[in-house]
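> sequence? don't have it. structure:
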């Protein structure tokens, strides 16, 4: 990373931290800054948590949810590596489900995470629990189909589902 790039990054993070500490005036800019961090391999979990807290504190929950929705549809997100793309979608799901209590709103993000990274145990578990609570066997089969399409790392043949060791009977 060049000196100029490092300085620009430091300034972006400083502006973000100030916004998170004082008042979240532009949730979309905050998400974009954190997406830039994901692009360079920096997950910044504390900043994501602070973002969600600041949105609640400043009564900007709807604006942050809208920023996540817009970012999820943004072509730039598709240019990220799958793991970084999935990480941003997990943060959106975390915010909707954890901060807003909107499990229905979080679920599409979780499905997108699984389509990008079918071995994501957290997304899998959250969807599976919701489906089991609804007693929806057809959606449960769909869930298992999504994760079974991807070969396990370092494994050839057989079911590629990273969760295949689970013994489960569908009634």
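Here it is on my side, so go on. Please read all numbers here as calculations on a predicted model, not as lab measurements. Numbers count the residues shown, from 1 in each chain.
> Show me what the lowest-mean-pLDDT helix or strand in the chain packs onto, helices and strands only.
When the helices and strands of the chain are compared on mean pLDDT, DSSP states H and E, helix 75-78 comes out lowest with a mean of 90. Here helix 75-78 touches helix 82-94, going by 3 or more CB pairs under 8 Å, 6 or more residues apart in numbering; DSSP states H and E. Bear in mind the C-beta positions are built from the backbone N, C-alpha and C, glycine included.
> What helices and strands are in contact with the helix it packs on?
Against helix 82-94 (3+ CB pairs under 8 Å, 6+ apart) you get helix 27-39, helix 45-57, helix 61-73, helix 75-78, helix 103-116, helix 121-134.
> Average pLDDT for that helix, rounded please.
What helix 82-94 shows for mean pLDDT is 97.
> In the chain, where is pLDDT below threshold?
By pLDDT under 70, the low-scoring segments of the chain are 151-171.
> Could you list the domains of it?
3-102, 118-151+161-171 (automatic domain parsing).
> among these, which is nearest residue 108?
domain 3-102 (8.6 Å; CB to CB).
> Kindly check the end-to-end length of that closest one for me.
Terminal residues of domain 3-102 lie 42 Å apart, using CA to CA, to the nearest Å.
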